[in-house]
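A.B. asks: have a look at this fold, sequence not included:
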C-alpha cells in the first residue's frame, strides 16, 4: 500500500505495460507492411484522425497499440506534433483531384457521370468463412471499362452555382502561409473557417458519426442530401527553396458536399479529410451544414461538436476517470457529512 | 532561404520532448497568464505521449520549464508513489535528464495533481498544477463562448447565486474540491480540484503557481503575493475540510489533510495525504534525523 | 528506449532567458539575469513564425527576421521591441487586447537604465507590500501614458533590458512615480 512503496508502483507500471505488449509479441517490419497492405481503410482512418499522412507510421502505430484506435491516433499525433512545419503546400482545387470515386445522390446523372469506384456499398455482407477452413478468398479480377471515366471532374456544386441553385462560398484568398493551423494555435469561438474544417478533418470518426447522425435523425435543422461524395488523390505541391514548384507525391483524400434547401437556394455543408473515409466526411459535412444558427448547447452548434468529436481529448478524458480521485472525493465527503450533521441538528420542517 | 536554414540537425527527440516552437508558444502564454493572474489563456496544447486528462497540460508546462539542473517532484493526489505520478516523473526524467526527488524541500519544480504539499513552498520553487477543467463557470454555463464573455464582464452573479442556493438547501456551501476563488480581485478561477484545505496556500504565497489544462487548452497562473480569495458570504465563512483534529494512524501526526482508509469493522483510519511528508514524519517518529520544512498549517490551523 | 537528449546551446539559452522573463514578470521590480546581454535571447525564447513583431531597433532586425516572425506595425504586433528609441506616438498604438482576450495585449521589450533614474513605487501581484525601484532612460510621461492605456485586464506587459539584466512590469502592476 501507499508510501515507501514507490518502487513497487513503478514496477507495477512496467509489468502492466509488458503484459499488454507480450500479447502482441514481436513487431517486425513485415508485420507493419502486412497491416499496411491488408487494412488500407483502417490506415486511412488513423491517418485522418491523426492528421498525419504516412501509411508506414500509421501501420506501425496500429501494430504498436494492438489496434486500439484511440491509442494509435494518440501515438501518431504525439509524433507529428514534434515535427517541424517546413512548408505549406499549395491549395488543391476540386477539379485537380485525381478522382477514383464520385457519386451524387442529388441527381440521377451528373456531368462527368457517376463513378462508383471502389466500394462495398452494394455488396452482400457475408463472411467468407471458408477462408478459416483453408480455402483462400481470391477476389475476382476487375474488368476495366471500355470507356474510362475522366480522372478530373468539376464539382457538382459548381454546376449548381452556374444554374443559380447555390451560392458558392467566396474564394478565400488568404495566402497559404497565413492559413491558421489548429495544431499550432488554440481553437477559439466563433471558430475561424480553417479551424472548423481542420478540426472536422481530424475528428474522431465515431464521434462525428454520433453527432452527425443525431442531426440527420432530426436533432438538426437541415436534412442533408449528398450532393457529391468523392474519393480521390491530391497532388501535394510544394516549393523548393530555389523557387521551383514540385510535387512531393499524392495523398488519398475524401470529401463530401451535402446540401439542404433553404428558401430558393441550396445551402452547402462541406468536409474533407486525409485518407478515404466516407462515413466521417458525410457526417462532418452534415454537422457543418447544420451549424449555422444552431442553438447554443445543441449538438449541431460548432462549439459543441468540435469539442466533442475531438477523439484524442475525449478518449483521454474518458480513461482518466480510472485515475485515483480520492482527494477530491474526500473533499466532497467532508461537505456531505457536515451538511448531514447540520440537518440532524436542525431538521427541515415537513413539506 | 535554404532547406538547411529551415531545418535543424536530426535528433531522435527534441530536448524535453516538445519541439522549440511548441515551447515558445507555451512561454508566450505563460507570460500572459502571469500578467493577468487567474485569467484563462488559450494555447494550442500539443499532444504529448500521454493520454489527455492524464496531466498533459501540466506536463507541457513542466517540459517547457525543465532543464538538466531542475530537480523535479511529481505528485498525484498527494502521493509520489501513485502510478501516474511515477509514470510522469519517469517521463520527465527520461526526456530531460533532470534529477527527481520525492522531498518537497529539494524540488525546484513540482508538478501536482490535486494537492499542494503541506510544507511551505519557497520563492525559488514553481508549482505546476494539472487541471481537468479550468472553467469555474462550467457548472452554471457549459458553453465556453458565453462563459468567456461572463469573465470579460466580471459577471459572476450566477456563481454567487449557486453558492447561495447551496447554503439555503444544505446549510453550507457544498463545493468539495476546486473551490471557486477570486484572483487579484478580478478573475474567478478554479484552483484545479485541490481540496479546500489547499486553497489558502495560494493566497499571498511566496511561490509561483501555474495551472494548466491540456485537454481544454487553457492555462492560468497565480503569481507570488497575489490575493486568492474563495468566494464566500460575509456571514458564512470559508470552511476547509474538518481534518485539523484527525490523527495519522501511521505516523501519529495531527493536523494535516488526510486520506480516509475504510476498515472492515465499519470505522475509518487516516493517513497523511502528502505521502512524502507522511514518510518523513514516520521516520522522525522512529528516531531518524529528518528535515521537516515549515508547514502552512500548524496544529491543524492555518498559520 | 531513448537516452535523455542533451539540450543544444540554443535550447539552453532560450530556457534560461525564459526563466529570467518568467521570474521577473512574477516579481515586478526584481532584476533577473539573461544568459547574454541584449534582447537576442528573448527573441529566440519567444518568437517564431506565429508572431507579429514591431521592431524599432535595426540592429535587432536580422535576429527577429531569422525566427520567421512577420514584421508588423505597432498596432498589429504581439511583440514590440523599442530598443533605445521609445516613441510616445508608437506607445499609443500598442495592442492592449480585448476584454475577451486580454492575452492579445502585447509584450513590450525596451532598453532602460536599471538602478538609477526616477524613483518608482510598485505594487500589485508579485509584490508583498510595495517595492521601490529606480529606472532611467525612459521618455518623460511614459508612466502616465502607460496608465492611460491600461484598462485591466486589457493592457501590455513590459520588460526593461539593461545589458544582461532584465526587469518585468506586467499590466497588473500599479506604478507610482515618486
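C.D. replies: Arrived safely. Quantities reported herein were computed from a predicted structural model and do not represent experimental measurements. Residues are numbered from 1 along each chain as shown, chains lettered A, B, ... in the order given.
A.B. asks: find the closest residue to chain B in the stretch 151-300 of chain A.
C.D. replies: Of all residues in the stretch 151-300 of chain A, residue A:186 sits closest to chain B, at 3.5 Å by C-beta to the nearest C-beta. Using the backbone N, CA and C atoms, a C-beta is placed for each residue, glycine as well.
A.B. asks: what about the helices in chain B?
C.D. replies: Counting by DSSP state H, one finds helices in chain B at the ranges B:3-6, B:20-35, B:56-65, B:83-96, B:144-152, B:157-170, B:275-285.
A.B. asks: tell me where the longest strand sits in chain C.
C.D. replies: Of all segments of type strand in chain C, defined using DSSP state E, the longest is strand C:113-123.
A.B. asks: still on that earlier bit, what sits closest to the residue of the stretch 151-300 of chain A closest to chain B if chain neighbours are left out?
C.D. replies: Once flanking residues are discounted, residue A:186 sits nearest to residue B:42: 3.5 Å by C-beta to C-beta, 6 or more residues apart in numbering or on different chains.
A.B. asks: so how far is stretch A:74-86 from its chain's centroid?
C.D. replies: 17 Å (C-alpha atoms, centre = their mean, to the nearest Å).
A.B. asks: circling back: what is the residue nearest to residue A:186 paired to in the beta sheet?
C.D. replies: residue B:218 (DSSP bridges).
A.B. asks: what about it, how many neighbours?
C.D. replies: 20 (other C-beta atoms under 10 Å in any protein chain shown).
A.B. asks: just to revisit the earlier point, of all the helices of chain B, which one is nearest residue A:317?
C.D. replies: Checking the helices of chain B against residue A:317 by C-beta to C-beta gives helix B:56-65 as the closest, at 10.4 Å.
A.B. asks: closest point of the stretch 151-300 of chain B to chain C, which residue?
C.D. replies: residue B:152 (3.6 Å).
A.B. asks: mind listing the strands the next helix or strand after the longest strand of chain C pairs with, and their directions?
C.D. replies: Counting by DSSP states H and E, the next helix or strand C-terminal to strand C:113-123 is strand C:131-136. Looking at strand C:131-136 with DSSP bridges, its partner strands are strand C:113-123 (antiparallel).
A.B. asks: list of residues touching the partner strand?
C.D. replies: C:28-29, C:31, C:129-138, C:143, C:160, C:162, C:165, C:167, C:169, C:173-178 (C-beta atoms under 8 Å, 6 or more residues apart in numbering or on different chains).
A.B. asks: how about the helices of the chain, start to end?
C.D. replies: If you meant another chain, say so; for now it's chain A. Under DSSP H, chain A gives helices at A:6-24, A:29-38, A:40-50, A:55-64, A:69-80, A:156-162, A:193-201, A:205-214, A:278-291, A:302-308, A:311-320, A:326-345.
A.B. asks: my question was about chain C, not that one.
C.D. replies: Along chain C, counting by DSSP H, helices occupy C:9-26, C:40-46, C:61-66, C:88-91, C:142-149.
A.B. asks: tell me the centre residue of chain A?
C.D. replies: Taking C-alpha atoms, centre = their mean, the centroid of chain A lies closest to residue A:203, which sits 3.7 Å from it.
A.B. asks: which bits of chain C sit near chain A?
C.D. replies: C:50, C:101 (C-beta under 8 Å from any C-beta of the partner chain).
A.B. asks: so which bits of stretch A:313-320 are buried?
C.D. replies: The neighbour-count check on stretch A:313-320 (16 or more other C-beta atoms under 10 Å in any protein chain shown) flags A:313, A:314, A:315, A:316, A:317, A:320 as buried.
A.B. asks: how about CSV for these, with distance to chain C and pLDDT added?
C.D. replies: Shown next, in CSV, are these (distance: C-beta to the nearest C-beta, whole Å; pLDDT from 0 to 100):
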residue, distance to chain C, pLDDT
A:313, 21, 95
A:314, 25, 96
A:315, 24, 96
A:316, 22, 95
A:317, 24, 94
A:320, 24, 92
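A.B. asks: out of those residues, which is nearest to residue C:88?
C.D. replies: The shortest approach to residue C:88 among these belongs to residue A:313, at 45.8 Å (C-beta to C-beta).
A.B. asks: which residues does that closest one contact?
C.D. replies: Residue A:313 sits in contact with A:307, B:52, B:53, B:215, where contact means C-beta under 8 Å, 6+ apart.
A.B. asks: show me the two of these that sit farthest apart.
C.D. replies: Distances among those were taken as C-beta to C-beta; the most separated pair is A:307 and B:53, at 13.6 Å.
A.B. asks: between those two, which is the more surrounded one?
C.D. replies: Remark: of residue A:307 and residue B:53, residue B:53 carries more neighbours, 24 against 18, as counted by other C-beta under 10 Å.
A.B. asks: quick check: pLDDT value at that one.
C.D. replies: Per-residue confidence at residue B:53 stands at 91 (pLDDT).
A.B. asks: distance of it from residue A:321?
C.D. replies: For residue B:53, the distance to residue A:321 equals 8 Å [C-beta to C-beta, to the nearest Å].
A.B. asks: and residue C:54, by the same measure?
C.D. replies: Look at residue C:54 and residue A:321: by C-beta to C-beta, they are 47 Å apart.
A.B. asks: among these two, which residue is more densely surrounded?
C.D. replies: residue C:54 (23 against 9).
A.B. asks: returning to that earlier point: got the contact list for the residue of the stretch 151-300 of chain B closest to chain C?
C.D. replies: Applying C-beta under 8 Å, 6+ apart to residue B:152 gives the contacts C:98, C:99, C:100.
A.B. asks: where does the second one land on pLDDT?
C.D. replies: In this case it means residue C:99. 94.
A.B. asks: skipping its backbone neighbours, what lies nearest it in space?
C.D. replies: Using C-beta to C-beta, 6+ apart, the closest residue to residue C:99 is residue B:152 (3.6 Å).
A.B. asks: over to the last one?
C.D. replies: Setting aside the residues directly before and after it, residue C:100 is nearest to residue B:152 in space (C-beta to C-beta, 6+ apart), at 4.8 Å.
A.B. asks: which residues touch the closest residue to residue B:208 other than its chain neighbours?
C.D. replies: Spatially, and ignoring its direct neighbours in sequence, residue B:208 is nearest to residue C:26 (4.7 Å; C-beta to C-beta, 6+ apart). Contacts were defined as C-beta under 8 Å, 6+ apart; by that measure residue C:26 touches B:34, B:208, B:223, B:224, C:126, C:168.
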